[in-house]
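> What follows is a predicted structure for the sequence shown.
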Amino acid sequence: MDGYVIHELIEAIYVEAPDKSSGHRVQKIHIKYNGIGFIPINELMAKQTA
């Protein structure tokens, strides 16, 4: 994929502040797709492993 295709598929990317409360640094990223909205990452991962 080139940059143009990625730009057409993704509307916005939101990056949350890092969380270190568990002793590990965790940072969540949310990707909003054009025409679809948000797809929870656990749904995407379930489809990959199925």
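All right, it came through fine.

> can you map out the helices along this structure?
3-9, 41-49 (DSSP state H).

> Going by mean pLDDT, which of those comes out lowest?
For the helices of the chain, mean pLDDT drops lowest on helix 41-49, to a mean of 65.

> Kindly state the pLDDT recorded for residue 1?
At residue 1, pLDDT is 61.

> and what of residue 36?
Looking at residue 36, its pLDDT reads 76.

> Tell me how far it lies from residue 43.
Between residue 36 and residue 43 the computed distance is 12 Å (Cβ to Cβ, to the nearest Å). Yep, even glycine has a C-beta here, placed from its N, CA and C like the rest.

> What of residue 35?
17 Å.

> Same question for residue 30.
For residue 30, the distance to residue 43 equals 13 Å [Cβ to Cβ].

> The two - which one has more neighbours?
Each of residue 30 and residue 43 has its neighbours counted (other Cβ atoms under 10 Å); residue 30 has more, 13 against 8.

> give the contact list for the more buried one.
13, 14, 15, 16, 38 (Cβ atoms under 8 Å, 6 or more residues apart in numbering).

> now the last one, nearest residue through space, not along the chain?
Same thing as residue 38. residue 32 (5.6 Å; Cβ to Cβ, 6 or more residues apart in numbering).

> What's the local residue count around residue 9?
By other Cβ under 10 Å, the residues close to residue 9 number 13.

> So what's the residue count around the residue nearest to residue 38?
Neighbours of residue 32 using other Cβ under 10 Å come to 13.

> Run a quick neighbour tally on residue 23.
5.

> again with residue 31
When neighbours are defined as other Cβ under 10 Å, residue 31 has 15 of them.

> and it, bridged to which residues?
In this entry, residue 31 is beta-bridged to residue 13, by DSSP bridges.
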